[in-house]
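Trainee: give me a model of this one.
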Amino acid sequence: MTVARTRCVALLGVTGHPVDVEADVGSGVAGTHLIGMLDTALSEARDRVRSAVVNSRHTWPDARITISLFPASLPKRGSMFDLAIAVALLAAAGVVPAARVADPFFLGELGLDGSLRPLRGV
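Mentor: Prediction:
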């Protein structure tokens with residue numbers, strides 16, 4: 001298991017700011033930890049992403065998962081980070097090639113069934 005990165009966008013007003021999403025799947029007590037100045041909706045992403053991954057017939061890693069959204073000082077709000085978090089996690093777990101997901105931007109809210117929901121204004 002390793003670290004994988006992808007990107008998303010944080011909105012401050014009408015201005016978009018790039019956000020790096022890093023996922024580390026490693027040894028330690030199993031659990032999922034999100035870091036990087038998150039609001040409540042984004043803190044709940046751990047549960048939405050887990051359900052979406054499992055209901056999409058992928059295995060959730062039985063490991064310590066740390067997901068960091070950088071820059072940490074930039075406020076991040078909403079559920080638009082769900083897809084980027086899921087993709088980075090799947091890359092860190094070796095399900096998808098990490099090199100293929102490092103450059104694109106992934107924006108989207110995930111349904112518990114793994115469906116991708118539209119984002120307002122995008």
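Trainee: centroid-nearest residue for the protein?
Mentor: Closest residue to the average C-alpha location of the chain: residue 85 at 0.9 Å, with CA atoms, centre = their mean.
Trainee: you'd agree it is in a strand?
Mentor: No: when DSSP: H, G, I helix; E, B strand; the rest coil is applied, residue 85 is found to be helix, with no strand at that position.
Trainee: is it true that it touches residue 52?
Mentor: No: in this structure, residue 85 sits apart from residue 52 without contact. The criterion is CB atoms under 8 Å, and the distance is 9.7 Å. (C-beta placed from N, C-alpha, C; glycine too.)
Trainee: contacts for the lowest-mean-pLDDT helix or strand in the chain?
Mentor: Using mean pLDDT, DSSP states H and E, the weakest-scoring helix or strand in the chain turns out to be helix 40-43, at a mean of 85. Residues outside helix 40-43 that contact it (CB atoms under 8 Å, 6 or more residues apart in numbering): 34, 69, 76-79, 81.
Trainee: out of those, which is most surrounded?
Mentor: When neighbours are counted as other CB atoms under 10 Å, the busiest of those turns out to be residue 81, with 30 neighbours.
Trainee: who does the closest residue to it other than its chain neighbours form a beta bridge with?
Mentor: Closest residue to residue 81 in three dimensions, ignoring its sequence neighbours and counting by CB to CB, 6 or more residues apart in numbering: residue 8, at 5.2 Å. Counting by DSSP bridges, residue 8 is bridged to residue 19.
Trainee: who's in contact with residue 8?
Mentor: When the contact criterion is CB under 8 Å, 6+ apart, the partners of residue 8 are 18-19, 21, 69, 80-81, 83-84, 105-107.
Trainee: which ChimeraX command selects the buried ones in those?
Mentor: The following ChimeraX command selects only the buried members of the contacts of residue 8, with burial defined by 16 or more other CB atoms under 10 Å:
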select :19,21,69,80,81,83,84,106,107
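Trainee: can you tell me how far the residue nearest to the centre of the chain is from residue 14?
Mentor: With distances defined as CB to CB, to the nearest Å, the gap from residue 85 to residue 14 amounts to 23 Å.
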